[in-house]
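Trainee: Give me coordinates for this.
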Amino acid sequence: MEVILLQDVKNVGKKGEKVTLKDGYARNLISKKQASEVSAKTINDLKLQKQHEEKVAETKLKDAQALAEKLAGMSVTVTVKSGKDGRIFGSVSSKEIAEACKKQLNLDVDKKKLVLPEPIKELGTTVVPLKLHAQVTASLNVKVTEE
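Mentor: Take a look at the predicted model:
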């Protein structure tokens, strides 16, 4: 029996694939709503769904590129307490940088998109990369100053 998978099924295939299975296994997947029988309607629905997913992915990519262009050359200032020799107490994390972006630039930047291998522990300017999309990476200048 030929079916179209509605979900990823281990050792069978990925969502949207058309596969041939034994009748009993196919009926089992259909009853679990993991597959549907092949018909003109299901094939057409699958094509429409793929087109919609492609449009959504393209829109997300364009939004990420627009945000990257907007962030180009921008900087954020974070003030922290510091002691002698320019050493700061604690560190500046991605959460603090995201909050500063929201306050100073009026941009909602998810802290998970900031790529900080380790928190900033010294005064000065640091370039922090932002992973906005799988294909789009922007950079943001973060200035850490004394209070």
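
Trainee: Start from the N-terminal end of the protein and give the helices.
Mentor: Remark: helices assigned in the chain by DSSP state H are 23-31, 40-71, 94-105.

Trainee: residue nearest the centroid of this protein?
Mentor: His133 (5.6 Å; Cα atoms, centre = their mean).

Trainee: if I look at the spatially closest residue to it that is not a sequence neighbour, how far off is Ala57?
Mentor: Nearest residue to His133 in three dimensions, chain neighbours excluded: Ala64, at 3.6 Å (Cβ to Cβ, 6 or more residues apart in numbering). The C-beta positions use only the backbone N, C-alpha and C, and glycine is treated the same way. According to Cβ to Cβ, to the nearest Å, Ala64 stands 11 Å off from Ala57.

Trainee: between these two, which one's more packed in?
Mentor: Between Ala64 and Ala57, Ala64 has the larger neighbour count (other Cβ atoms under 10 Å), namely 20 against 12.

Trainee: pretty sure that one is touching Leu130, no?
Mentor: No: between Ala64 and Leu130 there is no contact under Cβ atoms under 8 Å: 9.5 Å.

Trainee: Relative to Val12, how far out is the nearest residue to Cys101 once chain neighbours are set aside?
Mentor: Among residues not flanking Cys101 along the chain, Val109 sits closest, at 4.5 Å (Cβ to Cβ, 6+ apart). According to Cβ to Cβ, Val109 and Val12 sit 40 Å apart.

Trainee: Repeat that for Gly24.
Mentor: Distance from Gly24 to Val12, by Cβ to Cβ: 14 Å.

Trainee: So for those two, which sits in the more crowded spot?
Mentor: Val12 (17 against 9).

Trainee: And the closest residue in space to the more buried one that isn't next to it in sequence, how far from Ser139?
Mentor: Closest residue in space to Val12, ignoring its immediate chain neighbours: Val19 at 6.1 Å, by Cβ to Cβ, 6+ apart. Distance, Val19 to Ser139, using Cβ to Cβ: 44 Å.

Trainee: Also Leu116?
Mentor: Counting by Cβ to Cβ, the gap from Leu116 to Ser139 is 12 Å.

Trainee: Find residues that contact each of the two.
Mentor: With contacts taken as Cβ atoms under 8 Å, 6 or more residues apart in numbering, Leu116 and Ser139 have Val128 as neighbours in common.
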